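Chemist: Structure of the sequence below:
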Amino acid sequence: MINSYASSDDAAVAIAGARAGADVVRTMYGRRLNRIDKGAGDFATAADVEAEKAILGVIRAARPEDAVLGEEGGQQGAAGAVRQWLVDPLCGTLNYAVGNMLVAVNVALRDGAAAVADPFSGEVFFTDGETAWVRHGGADDALLTPSSAARLVDVNLDPPFPSAPGFRTVDLLAHPGFVRSFRPRVVSTTLALAWVAAGRRAAYVTDGGDLSRSVHFAAGIALCRAAGCVVTGIDGAPVGEAGRGLVVAADDETHGLLMSMMRSRS
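Modeler: Predicted coordinates for the structure are as follows:
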């Protein structure tokens, strides 16, 4: 294999990896795919597995000494590697398996560059760790600019609910203040995080543990931070070991409104 990515920067590697995975996801869309049971109602498909292989091929060619944590393949590479890539080859498998195109391909270097690809729109949202952009085909990159103007808030309603009974995202939707200020959306994929960074959503809320090192969320969190979004746990603490779940908002006002509603429900 020609190492065509060896001289690329990390953002370019993330973009190339995400695009390689997205190509597989798009090509296999609509086929009858066997399901690989993971338990508790969760599963993977051959598209998940093949997309991850494509992404790993890009990373190995460009960064052979780096470790990789993949959603399907687990930990690969040297255990003591200083750098680690987090890969979710198909976020939204349940959507994909029933013919819904709301899915994402997530590739992130821990504490560094990241990319989120939408296989069907052709958009790639990416960051070098400092600034965030979106690229569509051969068009010029556009800077991501968060905005709360849409008033749309995506919430993750998938179980389990680790913070229950103190907090459930479904309870937030019943708050009178939420009904007055926002409109809920549930897309069941972390593509919604890229949409917050791009100004297409006002916020995103999910329960959970430490999501900063999650293959599902790391790329989206990196995008939103670089774009200037407000990023905390559901308790308002910084995302990480001290914080649980995730609240990403386009601005301080939106974040403050959501936090006040969540605290009142608790």
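Chemist: and the end-to-end length of stretch 65-73?
Modeler: Across stretch 65-73, the terminal residues are separated by 17 Å (C-alpha to C-alpha, to the nearest Å).
Chemist: Now do the helices in the stretch 51-200 of the chain.
Modeler: 93-97, 169-173, 176-181, 191-197 (DSSP state H, counting those that start in this stretch).
Chemist: What average pLDDT does the last one get?
Modeler: Model confidence over helix 191-197 averages 98 on the pLDDT scale.
Chemist: Alpha carbons only: can I get it in PDB?
Modeler: Listed next in PDB are the C-alpha coordinates belonging to helix 191-197 (Å, rounded to 0.1, in the frame of the first residue of the first chain):
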ATOM      1  CA  LEU A 191     -24.700  13.900  13.800                       C
ATOM      2  CA  ALA A 192     -26.800  16.200  15.900                       C
ATOM      3  CA  LEU A 193     -23.700  17.400  17.700                       C
ATOM      4  CA  ALA A 194     -22.300  18.600  14.400                       C
ATOM      5  CA  TRP A 195     -25.500  20.300  13.700                       C
ATOM      6  CA  VAL A 196     -25.200  22.300  16.900                       C
ATOM      7  CA  ALA A 197     -21.700  23.400  15.900                       C
END
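Chemist: which residues touch it?
Modeler: 91-92, 102-104, 116, 118, 125, 132, 134, 144, 146, 154, 185, 201-204, 217, 220-221, 223-224, 226-227, 229, 248-250 (C-beta atoms under 8 Å, 6 or more residues apart in numbering). C-beta: built from backbone N, CA, C; applies to glycine.
Chemist: Write a ChimeraX command that selects only the buried members of these.
Modeler: The command below creates a ChimeraX selection of those among these that count as buried (16 or more other C-beta atoms under 10 Å):
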select :91,92,102,103,104,116,118,125,132,134,144,146,154,201,202,203,204,217,220,221,223,224,226,227,229,248,249,250
